[in-house]
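# whatever this is, show me its structure:
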Amino acid sequence: MPEQLPPGFSSLTSPGRAYVPQESMLAVETRKRRLFIGLPRETSLQENRVGLTPEAVKHLVNEGHEVVVESGAGEPSKHSDHDYSEAGASIVYTLKEVYEADILLKIAPPTLEEMEHLHAGQTLISALQLGAVSVEYLMALQRKKINAIAFELIKDPSGAKPVVRAMSEIAGSTVMLVAAEYLARGNEGKGIILGGITGVPPSQVVILGAGTVAEYAARAAIGLGADVKVFDNHLYKLRRLKQNLGAPQLFTSTFDSFTLSQQIRRADVVIGALNAEEGRIPFMVAEDVVSTMAPGSVIIDVSIDQGGCFMTSELTSHAKPVFRKYDVIHYCVPNIASRVPRTATNALSNIFTPILQEISQHGGINEALFADEHFRSGVYLYKGALTNSMIARKFNLRYKELGLMIAVRN
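Numbering: from 1, shown residues only. Have a look, this model is predicted:
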C-alpha cells in the first residue's frame, strides 16, 4: 500500500524519510475599495494650495479610483484644468458637484456656505486651524454627521506630524527670504542686507522656538552669514537643533526675560515660531519689549494662526502682509507656505497620496481608522460626534472615545 503523505507534501526521489513541501495556492481576500475623491477650488483669500498634483491624480486614477476636480482648483499652484483632465480627473464647474465625493480633500476648512453641501457619512480631510475655530463652527460641522480629519493632527509611525513638518520646512526656509525683502530700503526697512559681508557686522536674527520652522530658518540665516540666537524652554529641542545644524557654537537659551529682551532690542529680525501647547502659545513677547526695537526692524510671527508670539501681532494676509507698530515691520500672515503654492502642493500631494492608497487598501475609511492608530490621531469628528479631547477641553464640550466607537462598529 503506498505511503500516505500529509496534504501539500510529496516524497523525495531518494528513499529517505523526509518530505518536501509543495507550493499551495491559497485564496487571499482583497478588501481594496474604489474611492471617490473630490478636490474643490479654495475660496479663502489666503489659500493657494491644492491637495493633489495632476501626477498624483493620474496615479490614483490608474489604480481605479475616481477623482473630480472643481474647475480652477489648481490654477494658484500653476496646475491647469487641462493638466488634471489629461491625468484622468473629471472637471466639474459647481461646488455641489465636487461636494458629492465620498472623500473631500480640501486645504482650508470649509466655510459655512460650503458646509451646506456636505452630506452624512462623507469624510472631510482639511486643515482645522484651531486658533480660528469656534464652538458654533464645530456644531455646524457636527450637524452634518460627517467624519472630519484635521491633516495637521495626523501622525506617522514615528509619532511626527508629516503635514506640519513639511509646511514648517517650507515656512522656515521662506521666512528668511521675507525678512531680507523687508529689511531692504525698498520696503522702508533698515536698508541692510540679511547676513553679512567682509568688514561689515552681520545682521542679528532672534528665533523664538526650536522646532522645524526654527531649524530651517536658522539654517538659511546662518548660510547667509547672519548672527543667530534661538530661544526655547525645551532644552532637548535646543540640543537637537544644534546637532541638526552642525553648529555647536550656536547661541541658545531658555526664555530668560532679561536676556531675551536684550537680544530682541538689538535684533534686526525676530521670528516667532513657537508651537501651541495644550491649545495655547507657551510664551509671548510683551508690547513694551517690541517698542524698544530699532525702527525698520522686522517681526515675522509664524505662530499667528495659533494666537501669535507677540503682544503686538495682528492677523495679515498675502494681499496686505505687513503693518507697522512702534515703527517695527510686522509680517503676520498665517499661511506662509501658500506664498510658494506649487512647492507646497507637491509636498502635500506626497503625503496625501499614500494616505488615500492606505484607505483603499484597508477597504474604506472606517476600516483604515480601525487598523491605523496614527491616522486616527487626525480625526476630530466621527459620524458627527466630537472625538478630540483637546478640542473638547478648549471649548468645554463633551466628546466620545474614537477607539471605542470604531471597535463597536467593527
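
# pLDDT below threshold where in the stretch 251-400 of the chain?
278-279 (pLDDT under 70).

# could I get the full set of helices for the stretch 151-300 of the chain?
Here the stretch 151-300 of the chain has its helices, by DSSP state H, counting those that start in this stretch, at 162-183, 212-224, 235-245, 257-266, 287-290.

# hmm, who's touching the second one?
Counting by C-beta atoms under 8 Å, 6 or more residues apart in numbering, helix 212-224 makes contact with 164-165, 168-169, 171-173, 175-177, 180, 194-196, 205, 207-208, 228, 230, 232, 241, 244-245, 247, 250, 269, 271, 273, 302, all of which sit outside it. (Each C-beta comes from the backbone N, C-alpha and C, glycine too.)

# how about the helices of the stretch 151-300 of the chain in CSV, adding distance to Pro109 and mean neighbour count?
Shown next, in CSV, are the helices of the stretch 151-300 of the chain (distance: least, C-beta to C-beta, whole Å; neighbours: other C-beta atoms under 10 Å):
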stretch, distance to Pro109, mean neighbour count
helix 162-183, 14, 21
helix 212-224, 21, 23
helix 235-245, 29, 15
helix 257-266, 33, 15
helix 287-290, 30, 16
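
# which of those helices sits closest to Asn366?
Among those, the nearest to Asn366 by C-beta to C-beta is helix 162-183 (22.0 Å).

# could you dump stretch 34-48 to CSV, C-alpha only?
Taking C-alpha atoms only, stretch 34-48 is exported to CSV below (Å, rounded to 0.1, in the frame of the first residue of the first chain):
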residue,chain,number,x,y,z
ARG,A,34,-12.5,52.2,-5.1
LEU,A,35,-12.5,55.7,-3.8
PHE,A,36,-14.5,58.7,-5.0
ILE,A,37,-12.3,61.8,-4.2
GLY,A,38,-13.1,65.4,-4.6
LEU,A,39,-10.7,68.4,-5.0
PRO,A,40,-12.6,71.7,-4.5
ARG,A,41,-11.4,75.1,-5.5
GLU,A,42,-10.2,77.1,-2.5
THR,A,43,-12.2,80.2,-1.8
SER,A,44,-10.1,81.6,1.0
LEU,A,45,-8.0,84.6,0.0
GLN,A,46,-5.1,83.2,2.0
GLU,A,47,-5.1,79.8,0.3
ASN,A,48,-3.3,78.9,-3.0
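
# give the rounded mean pLDDT of it.
Per-residue pLDDT values over stretch 34-48 give a mean of 93.

# and if you look at stretch 144-162?
Confidence for stretch 144-162, expressed as mean pLDDT, is 93.

# contact partners for Ser203?
Ser203 neighbours (C-beta under 8 Å, 6+ apart): 183, 192-196, 226-227, 268-269.

# just to revisit the earlier point, in a markdown table: the helices of the stretch 151-300 of the chain, plus distance to Val135.
Putting the helices of the stretch 151-300 of the chain into a markdown table (distance: least, C-beta to C-beta, whole Å) gives the following:
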| stretch | distance to Val135 |
| --- | --- |
| helix 162-183 | 24 |
| helix 212-224 | 29 |
| helix 235-245 | 33 |
| helix 257-266 | 35 |
| helix 287-290 | 29 |
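
# separation between Asn366 and Ile149?
12 Å (C-beta to C-beta, to the nearest Å).

# more neighbours, those two?
A count of neighbours by other C-beta atoms under 10 Å puts Ile149 above the other of Asn366 and Ile149, at 25 against 19.

# check which helices and strands the helix or strand hosting that one sits against.
In this structure, Ile149 sits in strand 147-150 according to DSSP states H and E. Using 3 or more C-beta pairs under 8 Å, 6 or more residues apart in numbering; DSSP states H and E, the elements in contact with strand 147-150 are strand 123-126, strand 379-382.

# need these in a markdown table (columns: mean neighbour count and distance to Arg34).
Listed next are the helices and strands packed on strand 147-150 as a markdown table, based on neighbours: other C-beta atoms under 10 Å; distance: least, C-beta to C-beta, whole Å:
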| stretch | mean neighbour count | distance to Arg34 |
| --- | --- | --- |
| strand 123-126 | 22 | 15 |
| strand 379-382 | 24 | 22 |
